[in-house]
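>>> model this:
(chains A and B)
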Amino acid sequence: MVTTSGATPHARKQLLSFAFVVSTACAHGDEGPLKTVRFDNADVVWQVDDRQPVETRPSKNEFYRNYFFFQELLVRPTDRALSAKRFSRARNVNALGEVPDSTWFTNRIGRRSLTPEQIRRGPPGDGPPEPDGPLWVHEAEWDPQPPRLLVEDPRGHRYVLKFDQATIPENESAADVIVQRLLWACGFNVPEDDIVYFSREALVLAEDAVRARELGDDVPLDTGKLDEALKRVARTADGRFRGLFSKYLPGEPLGGYAVRGTREGDPNDIVPHEYRRELRGQHVFFAWVEHTDVKPDNWLDIWVEDPPGSDRHHVEHYLLDFGKALGNLAWIDRYPEDGFAHLFDFGYAVPSLFSLGLYNRPWDAYRVPDLRGVGRFGISAFNPASWKPYYPFLPFKVRDALDDYWAAKIVMRFSRAHVKAAVDAGQLSAAESRKYLVDTLVRRQRMIGRWAFSRVPPFERFEFRSTKDETRLCFFNLWERYGFDTDTETVLRPTRATIHDEQGQLIGVRALSRAGPSRWCTDRWPKSWSSRGYTIVVLDAVHGGSPLPPIHVHGARAPASDRLRVIGLYRLRP
Amino acid sequence: MPRGLAFIIFLPIRGVLYAFDAGQLRARFESIFFNRERTFGAFPILRIETPFGVSAGGTVVHRDLTGKGGPRLSLTAAFGGRLTSGVDLRLDTGGLLGDRNRVELRFTYDGQPDVRFHGVGNTSNLVAPSTLNSRLDPYDSSVSVESATFRDRVVLDLTPIHQLDERVELRTRLAWIWQDISERDIESTPVNVGDVYRVDELRYFDDPFNTLVLEIDIRYDSLHVTNPVLPPSTQSSGWFARAFIAANQVLARPDSFFFRGGVDLRRHVDLFAGTRVLVLRLYGEAVGAPVESVPVLELPELGGPFDLRGHRRGRFRDQALWLASAEYRFPVISVLSGFLFVDVGRVFSRPSQVFDAPQLGFGGGLEISERTTRLVRLQVAGSRLGNVLFNLEIGLDLAGPDRLRRRW
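Numbering: from 1, shown residues only, chains lettered A, B, ... in the order given. Predicted coordinates:
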């Protein structure tokens, strides 16, 4: 069940009815969206209330790594190919194609202003523990080296404490915090992750301290064993540890969310995950920060009390564990295909095998500077279109250009100062490494923007400007705003606007002209053209001489003011 | 219908993987076969080699007997295939004597019911036993017959190993070897050696003997990856060189002292990206005595899955040999890689024979590796003589031809 919060019941109806009319348009392809897609004359929905009480705790999703990999690599692609199923547009978007706030995603830098300082601090919360401790160690595990500890600080806050490998000091902890800050700013839910330097004396064994083991046969933990395990981790020159403290999420963990469909037992989860724009759009976000370790045990659904202390619960959705991002998976797992191919990728395996290795793979000559704390993260072989995570991920497979465009818009909202703030939070000791990461993130950001905006006309912030007798439509061209129009070949601009009535009948044609830096407006049309209220403006655009899919801007008169306002956007897909 | 068929095809694999993951079978396996600290445990070994069939076994290892990075112990046992049984027990001092010194004590027993014998020399003319009018001279015959003999062998080694620097290692090996080479007591294919060769001319045949060996072995190893994101098992570039000389004395027999020496030189050339690698190898070995005075199965030999591939094990034996090999390795994806190779070489007893009619082997295969270890090696090899040999090895530690293969 979906309801709206902070919006009128009408707005709720609008979100649902929009999904309906779009599917109608697909079913009547001959008529096209100009005839079939209509929006309710209502405020745009910016928040979905998927926090309705869930009476019974949903069952936990277990992650079965090999089974998951086989399913996603072979079984499901084969089934998709044989069923010839076509995946439609994202379904959880509002009338402007944006993702409303929900338990999955909160519009932050994409819609609101964030200061660099806010990004440097990350998600608001209780902050990291004091370095002087004591940090009570309750549990440790180190079969996957290096060790991870469960610690508790004097405030009673519990953290997962992770360390960097001695051979690649700072890499994982820095990557985790930097990417955690960036993804939080994008809008995702993440735990509080912080880096703290502390001495060995700050770690104190709790009475119940155990070494956890996979089959549950925990054994008591003693100081000697802990010290032995800590020999494997990086330390500073003065002997301190650099720890990544990831605060426990409040609530009961339910495992990762499903790659497809919805979570059984969660009535708020009504949009199949492969149709969620924020999951499809993660392709762009993750490509930006080279977060390839995409698998269900790096996501976590939490059954939270709402409000805390009550017996009302709902499910919140988190992203976790970014230590292998920023190219660190390539280093840690010795996996040169990182970011380019799935763990087993037929698209590369077949030509490599049959060409006897003569096939030149994009990662073959990929090199980056050797900098302390920096993984294999660069730009020379980066291609946002062909970027791939370690495991196949269905929402990425079925995403479309509109999902990429939505995510790229958010990525482009980060200024260099924002990026620098996130990198600073990673506390890399080498200034050269910090500068390299900022430069690389900014360059990858611009590569993503250029790619995504060149497939969908990047026109935003539409508004009808009306006088007593005339109306025109104005908007911003993000291509120009971000400085991608460096030469005539790369020009991307609107070319023509056609005005249609509610039935989709053509009323007139208008030219466009520049109305300011990166701002464009149509020529004015007489108010009589919009006398019946519902108006559709079809904007055509070109990029480097080639036409782009048009945008349909739907307008209607606001009931209160009788002024023409934008009630919906329908972007055609390339 | 096709979707249903695909569902049925995938179902058993899905079932196995689900059971493997949901049942935590790997962890359960490890909990059974390894101790909690993962210092003591067991893992399986499987080999399939034409024409010997399947040999299977396992290795038990203890990486730290004293718990302080000290002695290491491994015990490998295998059965089937070339072996009736084989046992290999190694005790290594590990870090007990410091970073640069260690001592390896090794006990090996293998009973081989099917050691192939094709006579001595480089002859390519392999004939069927039925074409023979009389038994052949094993040392001097223009034709060759594939036959089999039986060998029991026990070896006790003591090898101090000194690391001269990061790349250079000096091994001094003292070994006692007991061997019994005799007729097989079964009727099968190929024929018993005594049916086609005059075995009475073979020294130490059907006459168990003891050998004492003192060997100096020096190795230089600079193999490395050229791209830090590649797994160490890739070995993109560098040299591996080994030279050894061994004094062999068959005990309590007159005129039975002989030297054995050899050089093994490998060059790994990074052709592209650290993953397209050309492995060039030159190998030479000789015994410093007439062939008639050396135990026949101790003669330098070519053939088998590593040396002059495409030919049966023990296909060529003589006083000396040379082997040149070029192997091209290329990546397929992730853990899977492929290789193609050409081997050229021959055995000889006179300098004039060195470059006369060398033998050729060629082929290719696939390997599955993890970060540091090759897990599976599948190889198909052929030769001008018409053999097509198949070799599959599955195990956690395949020494293979790369670094540490030892000739007895």
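>>> what sits against B:Ser237?
Counting by Cβ atoms under 8 Å, 6 or more residues apart in numbering or on different chains, B:Ser237 makes contact with B:Leu223, B:His224, B:Val225, B:Thr226, B:His268, B:Val269, B:Asp270, B:Gly274, B:Val277. Any C-beta I mention is one placed from the backbone N, CA and C, and that applies to glycine too.
>>> neighbours of A:Ser355, how many?
Residues lying near A:Ser355 (other Cβ atoms under 10 Å in any protein chain shown) number 11.
>>> A:Asp364 too?
With neighbours defined by other Cβ under 10 Å, the count for A:Asp364 comes to 18.
>>> hang on, it in a strand?
No - judged by DSSP: H, G, I helix; E, B strand; the rest coil, A:Asp364 forms no part of a strand; its state is coil.
>>> quick check: closest non-adjacent residue to the residue in chain B that chain A sits nearest to.
For chain B and chain A, the shortest gap (Cβ to the nearest Cβ) falls at B:Phe330, measuring 2.5 Å. Leaving aside its sequence neighbours, B:Phe330 sits nearest to A:Gly357 (Cβ to Cβ, 6 or more residues apart in numbering or on different chains; 2.5 Å).
>>> please report how far the residue of chain B closest to chain A lies from B:His224.
Note on B:Phe330: its distance to B:His224, by Cβ to Cβ, to the nearest Å, is 19 Å.
>>> got it, and B:Pro129?
50 Å.
>>> likewise A:Gly261?
For A:Gly261, the distance to B:His224 - Cβ to Cβ - is 48 Å.
>>> higher neighbour count, the two?
More crowded of A:Gly261 and B:His224, by other Cβ under 10 Å: B:His224, with 16 against 13.
>>> beta partners of that one?
B:Ser237 (DSSP bridges).
>>> same thing with B:Phe316?
Beta-bridge partners of B:Phe316, counted by DSSP bridges, are B:Leu302.
>>> confirm for me that it is in contact with B:Pro358.
No - at 10.3 Å, B:Phe316 does not count as touching B:Pro358 under the criterion of Cβ atoms under 8 Å.
>>> quick one: common contacting residues for the two?
Contact with both B:Phe316 and B:Pro358 is made by residues B:Arg346, according to Cβ under 8 Å, 6+ apart.
>>> more neighbours: the two, which one.
B:Phe316 (27 against 18).
>>> show me what contacts that one?
B:Phe316 neighbours (Cβ under 8 Å, 6+ apart): B:His118, B:Gly121, B:Asn122, B:Glu301, B:Leu302, B:Gly303, B:Leu308, B:Arg346, B:Val347, B:Gln359.
>>> which positions in chain B make contact with chain A?
Within chain B, the residues that sit near chain A (Cβ under 8 Å from any Cβ of the partner chain) are B:2-3, B:6-7, B:10, B:13-14, B:17-18, B:20-22, B:24, B:27-28, B:31, B:36, B:38, B:227-232, B:272-273, B:275-276, B:328-334, B:336, B:338, B:340, B:371.
>>> and with 7 Å instead?
B:2-3, B:6, B:10, B:13-14, B:17-18, B:20-22, B:24, B:27-28, B:31, B:36, B:227, B:229-231, B:272-273, B:275-276, B:330-334, B:336, B:338, B:340, B:371 (Cβ under 7 Å from any Cβ of the partner chain).
>>> how about A:Val304, nearest residue that isn't a chain neighbour?
Take A:Val304 and drop its neighbours on the chain: the residue closest to it by Cβ to Cβ, 6+ apart is A:Gly251, 3.8 Å away.
>>> for the residue lying closest to A:Lys527 once chain neighbours are set aside, what are phi and psi?
Using Cβ to Cβ, 6+ apart and skipping residues adjacent in sequence, the residue nearest A:Lys527 is A:Asp469, 5.3 Å away. Note on A:Asp469: its backbone torsions stand at phi -120, psi -20 [degrees, to the nearest 10].
>>> burial count for A:Asp469?
Neighbourhood size, A:Asp469 [other Cβ under 10 Å]: 9.
>>> need the pLDDT of it.
Looking at A:Asp469, its pLDDT is 85.
>>> you'd agree it is up against A:Trp525?
No - with contacts counted by Cβ atoms under 7 Å, A:Asp469 stays clear of A:Trp525, the gap being 10.1 Å.
>>> quick check: residues of chain A near chain B?
Proximity of chain A to chain B (Cβ under 7 Å from any Cβ) is limited to residues A:64-67, A:70, A:74-75, A:78-79, A:82-83, A:214-215, A:219, A:330-331, A:334-337, A:341, A:343-345, A:348-349, A:352-353, A:356-357, A:364-365, A:376.
>>> those in helices, which ones?
Among the residues of chain A next to chain B, the ones falling in helices (DSSP state H) are A:65-67, A:70, A:78-79, A:82-83, A:330-331, A:348-349, A:352-353.
>>> any quick ChimeraX command for the buried ones out of those?
Here is the ChimeraX command that selects the buried residues among those (16 or more other Cβ atoms under 10 Å in any protein chain shown):
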select /A:67,70,78,79,330,331,348,349,352,353
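>>> next, the buried residues of stretch A:136-145.
By neighbour count with 16+ other Cβ under 10 Å, stretch A:136-145 contains the buried residues A:Trp136, A:Val137, A:His138, A:Glu139, A:Ala140, A:Glu141, A:Trp142.
>>> cool, stretch A:425-433 as well?
Within stretch A:425-433, the residues that count as buried by 16+ other Cβ under 10 Å are A:Ala425, A:Gly426, A:Gln427, A:Leu428, A:Ser433.
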